[in-house]
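[1] Sequence unavailable; structure follows:
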């Protein structure tokens, strides 16, 4: 069968398309608006995510900016060989093979015709085929396991479970919200909005209490798929500090008891808030003092231990310091003059800086600098 070539123009670029599905680039529009010829070689193709063969083409838009497109080969071939008087938007592969871009295998089609052809050739298959027993199981456990749980159980998508639920008269909305139970009377609510409307509690406050962001003093609790109650978050008990609280302040050298918290704060020269922070374990000490509350029987109440957020890392001790290298000075005829304990001492004698003298010595092949020859002793 002979290969036939036809020209087709896309976004300011002319292609030569063959009946076998090969594409060549003939010319394209330059930045100045002129047509520039191309080499005419066959373009390399690749398969995109949808399984269609594409080619990468560069072009210039109306403003002269360079851009790139990835046209599909089957659309270029169908445009070149078949007119489209009905303006059908899609191209159909007759044999169902998306990589067979021969002109005899392509035709223009609407979305409905393309989908019907896919079902007819067996390309589209039902995503889920469940037995009557399995459908009954979905009816009984839809609310308890939710659509996601049933989808994982049967190995199908959530959308497939929702479709079966709707066909069988199951309320899909029941699985879209976390269920809430009132432990005092056993009433179950479908979500926060439902519970807030019927109990009169603000939605924001109820959501924070149920999601463990604040203490929950109500009888409302979340329940899981197995109808188990999710216990509310238990916050740490805060220290109840009263003005008449007896307290003991102690340090390494001193220990003193006070009948009033204000007297203790004045003695340490701090505030009662700072003392409370120490008792709650938020700091290690207050100006060198530590504190203990005293109950009515005269017993000490141990404070919450302080746990630092950052652990101090001990710095590694450096080794022995590097001793300065000695340097000898010679005349240009290599006659020894004297020795310096460091390069800094030599720079002071010749009236220069240490860095300048060091750079001049390195740049000279004979280590010549400032009228002398230098030799560093290791």
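    Now that the structure is in, tell me what you want to look at. Computed from a prediction, not measured in an experiment: that's the story for all the values here.
[2] okay, residue 357: pLDDT?
    Model confidence at residue 357, given as pLDDT, is 86.
[3] quick one, what contacts it?
    Going by CB atoms under 8 Å, 6 or more residues apart in numbering, residue 357 touches 343, 346, 347, 350, 369, 370. Glycine gets a C-beta too; all of them are placed from N, C-alpha and C.
[4] Can you lay out these as TSV showing secondary structure?
    Output for the contacts of residue 357, formatted as TSV (DSSP: H, G, I helix; E, B strand; the rest coil):
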residue	secondary structure
343	helix
346	helix
347	helix
350	coil
369	strand
370	coil
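[5] in the stretch 251-378 of the chain, which spans are helices?
    Ranges of helices in the stretch 251-378 of the chain, per DSSP state H, counting those that start in this stretch, are 261-268, 272-279, 343-349, 354-363.
[6] I meant the stretch 1-150 of the chain, not that one.
    73-81, 111-121, 132-154.
[7] Following element in sequence after the last one, please.
    This points to helix 132-154. Going down the chain from helix 132-154, the next helix or strand is helix 158-167, by DSSP states H and E.
[8] Heading C-terminal from that following helix, find the next helix or strand.
    Taking DSSP H and E, what comes next after helix 158-167 is strand 180-182.
[9] Please check the contacts of residue 357 and keep the buried ones.
    343, 346, 347, 369, 370 (16 or more other CB atoms under 10 Å).
[10] What distance do you get for the second one to residue 369?
    What it means is residue 346. According to CB to CB, to the nearest Å, residue 346 stands 10 Å off from residue 369.
[11] just to revisit the earlier point, between the helices of the stretch 1-150 of the chain, which gets nearest to residue 22?
    Across the helices of the stretch 1-150 of the chain, the minimum distance to residue 22, taken as CB to CB, is reached by helix 73-81, at 8.3 Å.
[12] other SSEs contacting that closest one?
    On a contact count with 3 or more CB pairs under 8 Å, 6 or more residues apart in numbering; DSSP states H and E, helix 73-81 meets strand 5-10, strand 13-18, strand 53-55, strand 90-93, strand 106-109.
[13] Serialize those to JSON lines and add fields for distance to residue 26, mean neighbour count and mean pLDDT.
    Shown next, in JSON lines, are those (distance: least, CB to CB, whole Å; neighbours: other CB atoms under 10 Å; pLDDT from 0 to 100):
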{"stretch": "strand 5-10", "distance to residue 26": "7", "mean neighbour count": "14", "mean pLDDT": "81"}
{"stretch": "strand 13-18", "distance to residue 26": "5", "mean neighbour count": "20", "mean pLDDT": "82"}
{"stretch": "strand 53-55", "distance to residue 26": "14", "mean neighbour count": "19", "mean pLDDT": "88"}
{"stretch": "strand 90-93", "distance to residue 26": "22", "mean neighbour count": "20", "mean pLDDT": "90"}
{"stretch": "strand 106-109", "distance to residue 26": "22", "mean neighbour count": "20", "mean pLDDT": "91"}
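[14] Now tabulate those in a markdown table and tack on distance to residue 260.
    Listed next are the helices and strands packed on helix 73-81 as a markdown table, based on distance: least, CB to CB, whole Å:
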| stretch | distance to residue 260 |
| --- | --- |
| strand 5-10 | 89 |
| strand 13-18 | 90 |
| strand 53-55 | 83 |
| strand 90-93 | 86 |
| strand 106-109 | 91 |
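[15] Quick check: which of these is nearest to residue 185?
    Closest to residue 185 of those is strand 90-93 (CB to CB; 58.7 Å).
[16] What about residue 341, how many residues nearby?
    12 (other CB atoms under 10 Å).
[17] next one: residue 140
    Neighbour count of residue 140, defined by other CB under 10 Å: 10.
[18] next one: the one 10 residues further on
    The number of residues packed near residue 150 is 23, by other CB under 10 Å.
[19] What sits closest to it if chain neighbours are left out?
    In space, and not counting its chain neighbours, residue 150 is closest to residue 161: 4.9 Å by CB to CB, 6 or more residues apart in numbering.
[20] same deal with residue 293?
    Nearest residue to residue 293, sequence neighbours excluded (CB to CB, 6+ apart): residue 301, at 4.2 Å.
[21] May I ask you to confirm that that neighbour is in contact with residue 294?
    Yes - in this structure, residue 301 is within contact of residue 294 by CB atoms under 8 Å, at 7.2 Å.
[22] still on that earlier bit, which one, of the helices of the stretch 251-378 of the chain, ends up nearest to residue 45?
    helix 354-363 (58.9 Å).
[23] Centre of the chain to that closest one, how far?
    With CA atoms, centre = their mean, to the nearest Å as the basis, helix 354-363 stands 51 Å off its chain's centre.
[24] Check stretch 211-230 too.
    Centroid displacement of stretch 211-230 relative to its chain, using CA atoms, centre = their mean, is 30 Å.
[25] for the record, mean pLDDT for it?
    In this model, stretch 211-230 carries a mean pLDDT of 76.
[26] buried sites along it?
    Residues of stretch 211-230 classed as buried by neighbour count (16+ other CB under 10 Å): 216, 218, 220, 221, 222, 223.
[27] For the last one, list the residues it contacts.
    When you say that, I think you mean residue 223. Applying CB under 8 Å, 6+ apart, the residues contacting residue 223 are 179, 180, 181, 188, 229, 230.
[28] Can you lay out the buried residues of stretch 211-230 as TSV showing secondary structure and distance to residue 246?
    Listed next are the buried residues of stretch 211-230 as TSV, based on DSSP: H, G, I helix; E, B strand; the rest coil; distance: CB to CB, whole Å:
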residue	secondary structure	distance to residue 246
216	coil	34
218	coil	36
220	strand	40
221	strand	40
222	strand	43
223	strand	46
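[29] All set, thanks.
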